[in-house]
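**Q** predicted coordinates and the sequence they were generated for:
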Amino acid sequence: MNNYPEIAQILTRVRLPLIVLNGVPRFHGGISKEVIADAVGDLAK
């Protein structure tokens, strides 16, 4: 986590799993794989 200090700071306030896309926390907790796939797909556009 030394390489990701911004993420380390929020770990106590989120529910795992924490999904980070391009260095930005996007989702936490119970998220479906479809929601994650849609977000990744949007980044590819």
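**A** Sure, I can see it.
**Q** next secondary structure element downstream of the helix or strand hosting Ile19?
**A** Take DSSP states H and E as the rule and Ile19 turns out to sit in strand 18-21. Next in sequence after strand 18-21, counting helices and strands by DSSP H and E, comes strand 24-28.
**Q** the helix or strand where Ala37 lies packs against which elements?
**A** Assigned by DSSP H and E, Ala37 falls within helix 33-44. Where contact means 3 or more Cβ pairs under 8 Å, 6 or more residues apart in numbering; DSSP states H and E, helix 33-44 is packed against strand 18-21, strand 24-28. (Each C-beta comes from the backbone N, C-alpha and C, glycine too.)
**Q** can you put those strands in JSON lines and add mean neighbour count and distance to Asn3?
**A** Shown next, in JSON lines, are the helices and strands packed on helix 33-44 (neighbours: other Cβ atoms under 10 Å; distance: least, Cβ to Cβ, whole Å):
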{"stretch": "strand 18-21", "mean neighbour count": "15", "distance to Asn3": "12"}
{"stretch": "strand 24-28", "mean neighbour count": "14", "distance to Asn3": "15"}
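**Q** quick test: name the residue nearest the centre of this structure.
**A** Ile19 (2.0 Å; Cα atoms, centre = their mean).
**Q** so that one makes contact with Gly29?
**A** No. Assessed by Cβ atoms under 8 Å, Ile19 is found out of contact with Gly29, at 9.5 Å.
**Q** which residues of this protein score low on pLDDT?
**A** For the chain, no stretch has pLDDT under 70.
**Q** could you redo the last one with a cut-off of 90?
**A** Residue ranges of the chain with pLDDT under 90: 1, 44-45.
**Q** quick revisit: tell me how far the strand holding Ile19 lies from the chain's centre.
**A** Distance of strand 18-21 from the chain centroid (Cα atoms, centre = their mean, to the nearest Å) equals 1 Å.
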